[in-house]
Structure formats: C-alpha cells, structure tokens
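S.K.: sequence plus predicted model, see below.
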Amino acid sequence: MKDTHLLQVALGVVAPWRVTASEFDVSAKRLDIRLDFTAGSRFACPHCGAAQCPVHDTDTSSWRHLNFFQHEAYLHARVPRVRCEHCGVRKIGVPWARPGSGFTLLFEAYLMAMVSAMPVAAAERLVNEHDTRLWRVLHHYVDAARERQDASEVTHVAIDETAARRGHDYITLFVDIDQARVLFATEGKDAATIASFANDLAAHQGRVEQISEVSIDMSPAFIKGTAESLPQASVTFDRFHVMKIVNQAVDQVRRAEQRTQTVLKGTRYIWLRNPATLSDRQLALLQSMPARTLKTARAYQLKLGFQELYQQATPEVAAAYLARWHFWATHSRLPPIIEAARTIRAHRAGILRWFNSHIANGIIEGINSLVQAAKAKARGYRSTRNLIAMVYLLAGKLDLQLPA
Ligand SMILES: [Zn+2]
C-alpha cells in the first residue's frame, strides 16, 4: 500500500478528492498531506446547488488535522471556485472542513472535547494553538447549537446573577428548571436582562405567557423585570437568598456584640451554620456559649426558627408560622434582625409561594456548580462573551452535533 493511499483511506477522502503527496518532516515534527481533485471534475454550486458546474480557478488552503502520533498534521488542497450559471463564481466547500475554518472537522471535534474537559488555557498548550482560535471554534458550535435549541416546553425558570470577574461585571443566568439547563445568559443584572430573556425565549419557540413560575432573589431589578417581561409568572423568592438575609442579620449582631464580648472571638462561622453541620469541636464551642446573655445567641435562635419555616406542611400553616416568627423577630430588640424581618415581611408572598411552586434549590445549586466550573475552565477568558459561551457549553445541555 502506498503511503498516499493509506492516508487517503485513513482520512476517509472520497472521489473526486484524493491524496497526492505527503511530506513528513521529523525535525519539524509535522506531517503535511496534499490533496487534489481529479482534473476535469465538476462540482455543485455551493449557493444554489446547481450540479456539474465547471471549475473557474482554484485557491490553495490549509487545515490543521488530528495529530499523526506526536506530530502535527496539516492538509493542503487547491479548492475550486466554480462558475455557476445563476450565481457566478463561487468557492466550493470541502467535505473535511467548515468554510473559513483553518481546522478540519475532526480536529474541531477534538478541540471541543478538550475544552469541555479542561481549562481552555491547558487545551491551548496541549494543541499549541492560540486560544483565540480555540474560542472561535467553541463559539461556532455553541452558537449553532443554540440556534437549534427548543424552548417551547419551558414553564418554570430560575433567574440568578453571578460575578463574571471579581467584583466587576455580572452575568444573569436563566435556568429551565424542568430540564435543569441554562437557557440563556447575558451581561448585567438589571431589569433589562429579563426583557432580553423574553426576546430570546420567543426566538426559540418559547412563549412568555407560558412562563408560570419564576425563582429570583429579592433584588428590586429582578422583581421589576419579572413583572414587566414575564407578566404571567408567579414569583418565588429563592430560599437560599432569603436565608442569606437572615444570616447576614445574625452576623451583624455578632460583629457589634463582639466588641464587648470577647467570648465571641473566632465564632463567626458557627453562627452561620446549622448545628447539624458543625464539627464536634464547633458544636462543643457553641454549647459552651452563655446562650441566655448573648444577643448573638438570641439572633441565632431566630435564624433557626426562620429555617423551620420551610419544614411547614402546607401554605396555610407556613403563613401562620411566618406571622408568628415575624412577631418574635420584631420584638427581639435586635435591630439587624428587626430590619431583616421587615424585608421578609415585605416579600412575604414570594417567600410563601415556595410552598406551592416547590422550586428546588438543588437544581439551581447544581447549575451554579457547573457555572463555577465554567469560570475555572474559562480562566483568562478575555471577555464576558467567552464566559457565557463556556456556560452554555457546560450547563446548556446543547446538542452540539459534532462531526464524528
Ligand atoms: Zn448557483
């Protein structure tokens, strides 16, 4: 078997294309494979599909292919421009690469597998390509897959923001709760992000009127955006965010009290957690606190009491429980707790909505961990757009339709 024939079979090249030559340079660690088409071949017009168009001229292109063992491999070919009766002179596509790409389809599939599994910077080093070329491939497949994405069944949506870069830009994520996938991600964390989501939903066969349940934090921007852009949706305030308000109040009480009560030194995390999640040593420390005299301990009891809200069996029982808790909290003489109780009171309907919607935190947390993974993989991602593409890749459950 001649080496050109072997390469032709291995590459899966079919007529009129064939391998005409190969050059293997050991010192440069590269294999160059030359392809050509049989003289006199005719090709279909890439624009209108008209068959049997004659070749007008050719243009030489190169593509990086999968490595040949440890050696980089490249394909080179004269690509015809055909003369179509209807469309004029047009450059045809080749079966092994997308138009305009400097990589073969198989190499792109390999890149996509790599960037799904490791940081882009690591993939960049392994394949010895500049990361902007890797990001370009990633954007292509993610964009194409998102075009095909169907949102027609979406009814329950969780909305959450995440910091894109330390303390600077934010992105807002829209999660399809039933299918546990990120449907849409966009820069910012204002009400306009929800309007953008509504537009994107419509572009993917979704219907704004069909969105019946939304989970958000208590930010005024999300409340406003939901009311404006998803008018049929009932709002559930995410449990995690509601608890955070109570925890912050406990922490404020502790910080103020610590100035006079040295016994509180080094106890911060104990008050932020539940007894069940404390280590034996932490639990012993908690139990050693003078519970009856410490304001922090009272605040902590109120927090544990608030947590129990979510154990209530029915919406009615929960509403009564919340009213009692509110009374208890507002009579605590602990200003941060009173403040938190007022906030909770003002958002009561959305907090209690959880007892009907049961929007599971677990799904949102699962998605958040994928988003954290996306941030790690996209480290040094240069732009928020790159981060968003990585979020879609890892958490969008996209059908990438990669070449195999
Ligand atoms: Zn044509």
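M.R.: Cool, the structure landed.

S.K.: which one is residue 135 nearest to, not counting chain neighbours?
M.R.: residue 386 (5.5 Å; Cβ to Cβ, 6 or more residues apart in numbering). Bear in mind the C-beta positions are built from the backbone N, C-alpha and C, glycine included.

S.K.: C-alpha coordinates for the helix or strand hosting the one you found, PDB please?
M.R.: If you go by DSSP states H and E, residue 386 is part of helix 384-395. The C-alpha coordinates for helix 384-395 follow below in PDB (Å, rounded to 0.1, in the frame of the first residue of the first chain):
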ATOM      1  CA  THR A 384     -17.700  38.000  29.200                       C
ATOM      2  CA  ARG A 385     -18.900  36.600  25.900                       C
ATOM      3  CA  ASN A 386     -16.400  33.800  26.200                       C
ATOM      4  CA  LEU A 387     -17.500  33.000  29.700                       C
ATOM      5  CA  ILE A 388     -21.200  32.900  28.500                       C
ATOM      6  CA  ALA A 389     -20.200  30.500  25.700                       C
ATOM      7  CA  MET A 390     -18.500  28.300  28.200                       C
ATOM      8  CA  VAL A 391     -21.600  28.300  30.500                       C
ATOM      9  CA  TYR A 392     -23.700  27.200  27.600                       C
ATOM     10  CA  LEU A 393     -21.200  24.500  26.700                       C
ATOM     11  CA  LEU A 394     -21.200  23.100  30.200                       C
ATOM     12  CA  ALA A 395     -24.600  23.800  31.500                       C
END
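
S.K.: which residues touch that helix?
M.R.: With Cβ atoms under 8 Å, 6 or more residues apart in numbering as the test, helix 384-395 has contacts from 115-116, 120, 135, 138-139, 142-143, 145-146, 164-165, 169, 171, 173, 181-182, 185-187, 367, 370-371, 373-375, 377-378, 381, 398.

S.K.: what comes up buried for that helix?
M.R.: 384, 386, 387, 388, 389, 390, 391, 392, 393, 394, 395 (16 or more other Cβ atoms under 10 Å).

S.K.: just stretch 25-36 next, same as before
M.R.: Neighbour-count burial for stretch 25-36 flags 30, 31, 32, 33, 34, 35, 36 (criterion: 16+ other Cβ under 10 Å).

S.K.: what about the fifth one, helix or strand, and which?
M.R.: Which is residue 34. In this structure, residue 34 sits in strand 30-37 according to DSSP H and E.

S.K.: okay, that strand in PDB with CA atoms only?
M.R.: Provided in PDB are the C-alpha atoms of strand 30-37 (Å, rounded to 0.1, in the frame of the first residue of the first chain):
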ATOM      1  CA  ARG A  30       5.000  17.600  11.300                       C
ATOM      2  CA  LEU A  31       3.200  15.700   8.600                       C
ATOM      3  CA  ASP A  32       1.900  17.600   5.500                       C
ATOM      4  CA  ILE A  33      -0.700  15.900   3.400                       C
ATOM      5  CA  ARG A  34      -1.600  17.200  -0.100                       C
ATOM      6  CA  LEU A  35      -5.000  16.600  -1.500                       C
ATOM      7  CA  ASP A  36      -6.300  17.400  -5.000                       C
ATOM      8  CA  PHE A  37      -9.300  16.700  -7.200                       C
END
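
S.K.: closest point of the stretch 101-250 of the chain to the ion, which residue?
M.R.: residue 101 (22.3 Å; Cβ to the ion).

S.K.: correct me, but that residue touches residue 63?
M.R.: Yes. Counting by Cβ atoms under 8 Å, residue 63 is a contact partner of residue 101 at 7.1 Å.

S.K.: neighbour count: these two, which is higher?
M.R.: residue 63 (23 against 17; other Cβ atoms under 10 Å).

S.K.: what helices and strands are in contact with the strand or helix carrying that one?
M.R.: Per DSSP H and E: residue 63 is located in strand 55-68. Contact partners of strand 55-68 among helices and strands, from 3 or more Cβ pairs under 8 Å, 6 or more residues apart in numbering; DSSP states H and E: strand 71-84, strand 88-91, helix 105-117.
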